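Peer 1: Quick one, fold the following:
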Amino acid sequence: MKTVTKIDAAIVVDTSVKKRVAAYARVSSGKDAMLHSLSAQVDFYSKFIRRNTEWIYCGVYADEAYTGTKNDRPEFQRLLSDCRAGKLDIILTKSISRFARNTVTTLETIRELKLLGVDVWFERENIHSLSEDGEFLLTLLSSFAQEESLSTSENQKWRVRKDFKEGKPTPTKITGYELVGDTFVIIPQEAKAVRLIYSLYLSGLGKTAIAKELNARCIPTKNGGPWYESVISKILSNEKYVGDIRLQKTFIADHISKKQVANEGQLPQYYVRDAHEAIIDRNTFEKVQSEIRRRAEKHTPNKPKQDIYLFTGKIVCGQCGKHYRRKITANQPVWICATFNRLGKSQCASQQIPEKVLLELVDGEPFSQIRVPEANTVIIVRPDGSEITKHWQTSRRDSWTEEMRMAASEKAKERNRACQKEK
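Peer 2: Below is the predicted model:
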């Protein structure tokens with residue numbers, strides 16, 4: 001008879017390998033109390049992680065004044081990118097509501113991190129996402145967090161709409177005024193810029209030309225940046241400059257996306273006449289509105305829908321942060337920074353990129369964004385968050401703009417005329 005002896009395998013645990021640990025903190029507003037709370041969270045987790053001898057401190061990712069119902073928070077996205085790059089093993093966070101208030105966002109993120117082998121520890125609920133019952137509990141608790149967010153959102157909407165009915169404006173920044181209590185009060189220096197804009201428009205200048213003129217005169221905007229056509233357009237059509245207020249022009253579609261949409265009859269609007277001191281008289285304001293309609297009918301009677309190209313909305317200028325747009329030159333299509341295109345090199349010294357160069361650089365690979373940090377360099381961001389830097393050489397012919405070609409042509413003509421006179 002044979003005897004079978006069972007030998008248990010020795011399980012060796014490598015305790016020398018330390019876990020890489022980081023924390024995530026968030027507050028939904030920039031108020032002093034909230035910022036103090038954020039600072040306290042960062043300080044607590046920094047000390048907590050460092051005290052554990054089996055952990056390696058990898059920092060605290062902190063989003064300031066970002067709502068938890070959105071997943072486009074910059075530090076949150078950086079945290080996920082580092083997890084995808086294999087830089088972290090454990091994430092600590094105060095609670096599910098601090099991590100995210102959207103059930104879908106919470107579960108999708110946790111499931112992705114679970115596949116990556118990253119554990120999320122929710123301190124208040126004492127839940128580890130990698131535990132057996134972690135996802136079930138997360139589903140329940142994150143649903144409660146989302147309902148709490150909905151309740152808070154509805155209460156806030158009620159307060160705002162109550163103020164609208166009473167003719168009270170919401171806090172906002174508008175060139176020419178400051179909101180003191182519930183009344184707009186004129187800022188004299190800014191009011192001069194508003195009057196100049198109306199005057200220049202009625203003199204025949206377009207909105208882009210007005211922006212260039214104000215920038216050339218070094219007239220500051222409300223925020224201290226350059227003037228843009230879009231800013232001029234809003235000023236020319238804002239009823240507040242005649243002393244009136246139209247309330248509830250827009251509203252928040254839902255508490256998840258927080259997307260602001262135009263109110264086209266979905267909700268009541270409230271119009272308050274002579275609510276504050278006017279900067280523009282009514283006669284001038286009406287003339288400008290008539291001129292806006294006249295020019296719109298003349299120049300864009302049947303404006304076609306804007307074409308969408310492979311790079312539309314995906315190329316970001318490293319100089320000013322604006323997106324690149326497609327432009328057809330004498331030789332070929334190129335992509336050029338919107339600021340450079342509208343306001344010139346004085347406002348953004350970026351470089352245009354021929355479309356054929358971009359196609360060669362991308363080489364058919366999927367991408368989510370292309371950043372242009374400097375001349376002849378692009379950073380291609382892949383859908384998984386990874387990045388690749390590429391360079392190229394631009395010929396003199398490709399680097400010339402249409403304005404440069406016209407200037408060179410004029411100089412050549414002047415030289416020819418000078419030669420003719422000498423003869």
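Peer 1: Okay, buried residues for stretch 361-371 please.
Peer 2: Buried residues in stretch 361-371, counting neighbours by 16 or more other Cβ atoms under 10 Å, are found at 361, 362, 367, 370, 371. (C-beta placed from N, C-alpha, C; glycine too.)
Peer 1: ok, now how distant is the second one from residue 393?
Peer 2: Yep, that's residue 362 we're talking about. 17 Å (Cβ to Cβ, to the nearest Å).
Peer 1: same question, residue 282
Peer 2: Separation of residue 282 from residue 393 (Cβ to Cβ) stands at 58 Å.
Peer 1: Give me the secondary structure label for residue 79.
Peer 2: Counting by DSSP: H, G, I helix; E, B strand; the rest coil, the backbone at residue 79 sits in helix.
Peer 1: residue contacts, the nearest residue to it once chain neighbours are set aside?
Peer 2: Taking Cβ to Cβ, 6 or more residues apart in numbering, and ignoring the residues beside it in sequence, residue 79 has residue 61 as its nearest neighbour in space, at 4.3 Å. Residues near residue 61 by Cβ atoms under 8 Å, 6 or more residues apart in numbering: 22, 23, 24, 25, 75, 76, 78, 79.
Peer 1: Would you check how far apart residue 17 and residue 25 are?
Peer 2: Residue 17 is 27 Å from residue 25, by Cβ to Cβ.
Peer 1: between the two, which one's more packed in?
Peer 2: Per other Cβ atoms under 10 Å, whichever of residue 17 and residue 25 has more neighbours is residue 25, with 24 against 10.
Peer 1: Report the beta-bridge partners for the more buried one.
Peer 2: Applying DSSP bridges to residue 25 gives these bridge partners: residue 62.
Peer 1: That one and residue 40 touch, don't they?
Peer 2: No - between residue 25 and residue 40 there is no contact under Cβ atoms under 8 Å: 9.0 Å.
Peer 1: domain assignment for this structure?
Peer 2: 19-148, 166-299, 315-407 (automatic domain parsing).
Peer 1: and residue 48, helix, strand or coil?
Peer 2: Reduced to three states by three-state DSSP, residue 48 is helix.
Peer 1: Which secondary structure element is home to the nearest residue to it once chain neighbours are set aside?
Peer 2: Closest residue to residue 48 apart from its sequence neighbours, by Cβ to Cβ, 6+ apart: residue 92 at 7.3 Å. Per DSSP states H and E, residue 92 falls inside strand 90-93.
Peer 1: Repeat that for residue 39.
Peer 2: Secondary-structure element containing residue 39, defined by DSSP H and E: helix 32-51.
Peer 1: other SSEs contacting that helix?
Peer 2: Contact here means 3 or more Cβ pairs under 8 Å, 6 or more residues apart in numbering; DSSP states H and E; on that basis helix 32-51 packs against strand 19-27, strand 55-64, strand 90-93.
Peer 1: Tell me where the stretch 251-400 of the chain has strands.
Peer 2: Applying DSSP state E, counting those that start in this stretch to the stretch 251-400 of the chain gives strands spanning 260-262, 270-272, 315-317, 324-328, 333-337, 353-354, 369-374, 377-381, 387-391.
Peer 1: how near is residue 376 to residue 39?
Peer 2: Distance of residue 376 to residue 39, computed by Cβ to Cβ: 42 Å.
Peer 1: again with residue 84
Peer 2: Going from residue 84 to residue 39 by Cβ to Cβ gives 28 Å.
Peer 1: thinking again about what came up before, what are the buried residues along the strand holding residue 92?
Peer 2: Buried residues in strand 90-93, counted by 16+ other Cβ under 10 Å: 90, 91, 92, 93.
Peer 1: before we move on, the earlier item: just want to know which of residue 282 and residue 393 has more residues nearby.
Peer 2: Shown here are residue 282 and residue 393; by other Cβ under 10 Å, residue 282 has more neighbours (12 against 7).
Peer 1: so where's this protein uncertain?
Peer 2: 1-16, 29-35, 65-71, 101-105, 133-135, 137-171, 247-271, 299-307, 394-423 (pLDDT under 70).
Peer 1: Tell me the spacing between the closest residue in space to residue 361 that isn't next to it in sequence and residue 334.
Peer 2: Residue nearest to residue 361 in three dimensions, not counting chain neighbours: residue 390, with 4.9 Å by Cβ to Cβ, 6+ apart. Separation of residue 390 from residue 334 (Cβ to Cβ) stands at 17 Å.
Peer 1: Please enumerate the helices of the protein.
Peer 2: 32-51, 74-84, 96-99, 103-115, 134-165, 188-202, 207-216, 229-237, 282-299, 338-343, 355-362, 396-399, 402-422 (DSSP state H).
Peer 1: just to revisit the earlier point, more neighbours, residue 390 and residue 334?
Peer 2: Higher neighbour count among residue 390 and residue 334: residue 334, with 23 against 15, using other Cβ under 10 Å.
Peer 1: Test my guess that that one contacts residue 327.
Peer 2: Yes - assessed by Cβ under 8 Å, residue 334 is found in contact with residue 327 at 5.6 Å.
Peer 1: anything in contact with each of these two?
Peer 2: Common neighbours of residue 334 and residue 327, using Cβ under 8 Å, 6+ apart, are residue 352.
Peer 1: got JSON lines for the domains of the chain, with distance to residue 309 too?
Peer 2: JSON lines is the format used below for those (distance: least, Cβ to Cβ, whole Å):
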{"stretch": "domain 19-148", "distance to residue 309": "23"}
{"stretch": "domain 166-299", "distance to residue 309": "21"}
{"stretch": "domain 315-407", "distance to residue 309": "6"}
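Peer 1: which of the ones you listed sits most buried?
Peer 2: Most buried of those by mean neighbour count (mean count of other Cβ atoms under 10 Å) is domain 19-148; its value is a mean of 17.
Peer 1: Residue 384 - nearest residue in space that isn't next to it in sequence?
Peer 2: Nearest residue to residue 384, sequence neighbours excluded (Cβ to Cβ, 6+ apart): residue 84, at 6.1 Å.
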